[in-house]
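Visitor: Fold the stuff below for me.
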Amino acid sequence: MLRRLRDYWHERQHRWALRRWEDGQRLARVASLSELRELRRKANQLRRRLDAVNHVAINRLTLPVIGSNAIRKPARTEWSHRPEAWAGPVV
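Guide: The predicted structure is shown next:
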């Protein structure tokens, strides 16, 4: 029960945040330059956090399933490794 309540609350917060940034998108068209700078600063803060989450998600979702031969290694290679810097898209 508590988990469902938490999931419901997180979903509501997510929808609220989406609406807030849709409003920000509309505001950006008519805002003064100082308001626009502040909106951009907040958007950049959010983007950095979203990019970090997305980077980890892409890295984990593209990993092969344990026991799978999804990563092809050159002949006579015993192991392969992709450093974290190359594990996701470069932004």
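
Visitor: From here on, just use CA atoms for contacts and neighbour counts.
Guide: Noted.

Visitor: in this protein, which helix or strand is least confident?
Guide: Every helix and strand in the chain was compared by mean pLDDT, DSSP states H and E; the lowest is helix 33-61, with a mean of 92.

Visitor: Name the residue closest to the centre of the chain, please.
Guide: What sits nearest the mean C-alpha location of the chain, by Cα atoms, centre = their mean, is Asn54, with 2.7 Å.

Visitor: Check the gap between it and Arg60 for me.
Guide: 10 Å (Cα to Cα, to the nearest Å).

Visitor: next one: the least confident helix or strand of the chain to chain centre, how far?
Guide: Remark: helix 33-61 is offset 8 Å from the chain centroid, using Cα atoms, centre = their mean, to the nearest Å.

Visitor: again with stretch 12-20
Guide: Counting by Cα atoms, centre = their mean, stretch 12-20 is centred 16 Å from the centre of its parent chain.

Visitor: Over to stretch 14-22?
Guide: Centroid separation for stretch 14-22 versus its chain: 16 Å, with Cα atoms, centre = their mean.

Visitor: Go through it and flag the buried ones.
Guide: Within stretch 14-22, no residue is scored as buried using 16 or more other Cα atoms under 10 Å.

Visitor: Mind checking the pLDDT average for it?
Guide: What stretch 14-22 shows for mean pLDDT is 96.

Visitor: Kindly report the same for stretch 84-91.
Guide: Average pLDDT, stretch 84-91: 65.

Visitor: which phi and psi does the residue of the chain positioned farthest from its centre have?
Guide: Relative to the centre of the chain, and counting by Cα atoms, centre = their mean, the farthest-placed residue is Arg76 at 36.7 Å. Main-chain torsions, Arg76, degrees, to the nearest 10: phi 60, psi 20.

Visitor: before we move on, what about Ser32?
Guide: phi -70, psi 170.

Visitor: any idea how far Ser80 is from it?
Guide: Counting by Cα to Cα, the gap from Ser32 to Ser80 is 53 Å.
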